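Undergrad: Pasting the sequence and the predicted model now:
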Amino acid sequence: MELTFLGHACVYLKGERSVLIDPSPPEGVPLPEPDIVAVTHGHADHLGETVRMKKPTVCINELAKYLKTKGVPAEGMNYGGTLTLDGVHFRMVPAVHSSWIEEAGIGCNGGGSAGFVISMDGVRVYHAGDTALFTDMRLIGELYHPDVALLPIGGRFTMGPEEAMIAARYVGAPLVIPIHYNTWPVIEQDAAQFRMALERTTDIRVRVLAPGSTLEI
Ligand code: NI
Ligand code: MN
């Protein structure tokens, strides 16, 4: 499977099928045309182009209801549940975060905020979404054994690098890719330092990906 980091929380998985997670890359970054979109929560920096793309979209129930009113073929699910779409297996896991859908200056509750463990071509990818550190990340590791963990490190709206180091240990994936940092000044972080600190103290490897770069997993 090829994993491309498009920037912020936007990640593109290409294997037998293609999945685009949180299609809101930084400005000017073109989006691929995926088979499936997966959205972790309703905040604009994650929902992004979902409505425009109108692809089969996996997300939490309440957000799915909203998306259906916009003509998006959304597939709702909830924490602890699984769904197989086009041969791609999605498991929705909790994230400690809020959710809100904003439209024309008004908003509505987005239901909740999630992470995903996505299995395709025998590879399991954990995308944590926006989240604080929580001890049940251990369960995600114990139960689902992800091969890769995409963890936010930006701080302010999610956990920062120190908590993400603990999250990486809890999840136990052999490979960690930091996300959700350096998009705006308030979430600026030194990802190279995060990598060095985690690799010095664990067997976990960290790949810091520049937006647009691809990794074969
Ligand atoms: Ni958010
Ligand atoms: Mn966010």
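TA: Cool, the structure landed. Ligands and ions are numbered 1, 2, ... in the order given.

Undergrad: next one: the helix or strand bottoming out on mean pLDDT in the chain to chain centre, how far?
TA: Least confident element among the helices and strands of the chain, by mean pLDDT, DSSP states H and E: strand 106-109 (a mean of 90). Remark: strand 106-109 is offset 22 Å from the chain centroid, using CA atoms, centre = their mean, to the nearest Å.

Undergrad: list the helices and strands that strand packs on?
TA: strand 100-103 (3 or more CB pairs under 8 Å, 6 or more residues apart in numbering; DSSP states H and E). In short, each C-beta sits where N, CA and C put it, glycine included.

Undergrad: How about residues contacting the strand it packs on?
TA: 42-44, 47, 63, 66, 107-110 (CB atoms under 8 Å, 6 or more residues apart in numbering).

Undergrad: near ligand 2, which residues of the chain show up?
TA: Residues of the chain found near ligand 2 (CB under 5 Å from the ion) are 45, 130.

Undergrad: the helices in the chain, which residues?
TA: 44-47, 50-53, 61-69, 137-144, 161-171, 191-201 (DSSP state H).

Undergrad: Of these, which is nearest Lys14?
TA: Closest approach to Lys14 among the helices of the chain (CB to CB): helix 50-53, 16.0 Å.

Undergrad: Only the buried residues of the closest one, if you could.
TA: Of all the residues in helix 50-53, those buried under the rule 16 or more other CB atoms under 10 Å are 50, 53.

Undergrad: rewinding a little: neighbour count for the contacts of strand 100-103 - can I get that in JSON lines?
TA: Shown next, in JSON lines, are these (neighbours: other CB atoms under 10 Å):
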{"residue": "Gly42", "neighbour count": "26"}
{"residue": "His43", "neighbour count": "23"}
{"residue": "Ala44", "neighbour count": "11"}
{"residue": "Leu47", "neighbour count": "26"}
{"residue": "Leu63", "neighbour count": "29"}
{"residue": "Tyr66", "neighbour count": "21"}
{"residue": "Gly107", "neighbour count": "11"}
{"residue": "Cys108", "neighbour count": "13"}
{"residue": "Asn109", "neighbour count": "13"}
{"residue": "Gly110", "neighbour count": "22"}
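
Undergrad: quick check, nearest of those to ligand 1?
TA: When the contacts of strand 100-103 are ranked by distance to ligand 1 (CB to the ion), His43 comes first, at 3.5 Å.

Undergrad: isn't the closest one right up against Gly112?
TA: No - His43 sits out of contact with Gly112 when judged by CB atoms under 8 Å, with a separation of 11.8 Å.

Undergrad: Give the residues shared as contacts by the two.
TA: Ser99.

Undergrad: if I look at Thr201, how far off is Gly81?
TA: 34 Å (CB to CB, to the nearest Å).

Undergrad: more crowded one of these two?
TA: Taking other CB atoms under 10 Å, Thr201 and Gly81 do not tie; Gly81 has more neighbours (14 against 11).

Undergrad: re earlier: what are the pairing partners of the least confident helix or strand of the chain, and which direction each?
TA: strand 100-103 (antiparallel) (DSSP bridges).

Undergrad: which bits of the chain sit near ligand 1?
TA: So far as CB under 5 Å from the ion goes, the chain lies against ligand 1 at 43, 130.

Undergrad: For stretch 111-124, C-alpha coordinates in CSV please.
TA: C-alpha atoms of stretch 111-124 as CSV (Å, rounded to 0.1, in the frame of the first residue of the first chain):
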residue,chain,number,x,y,z
GLY,A,111,-22.2,14.1,16.7
GLY,A,112,-18.7,13.2,17.9
SER,A,113,-15.1,12.9,16.9
ALA,A,114,-13.5,9.6,15.9
GLY,A,115,-10.4,7.8,14.7
PHE,A,116,-10.2,4.9,12.3
VAL,A,117,-8.3,1.7,12.0
ILE,A,118,-8.4,1.0,8.2
SER,A,119,-7.4,-2.3,6.8
MET,A,120,-6.6,-2.7,3.2
ASP,A,121,-4.2,-5.1,1.4
GLY,A,122,-3.3,-6.7,4.7
VAL,A,123,-2.0,-3.3,6.1
ARG,A,124,-3.7,-1.7,9.2
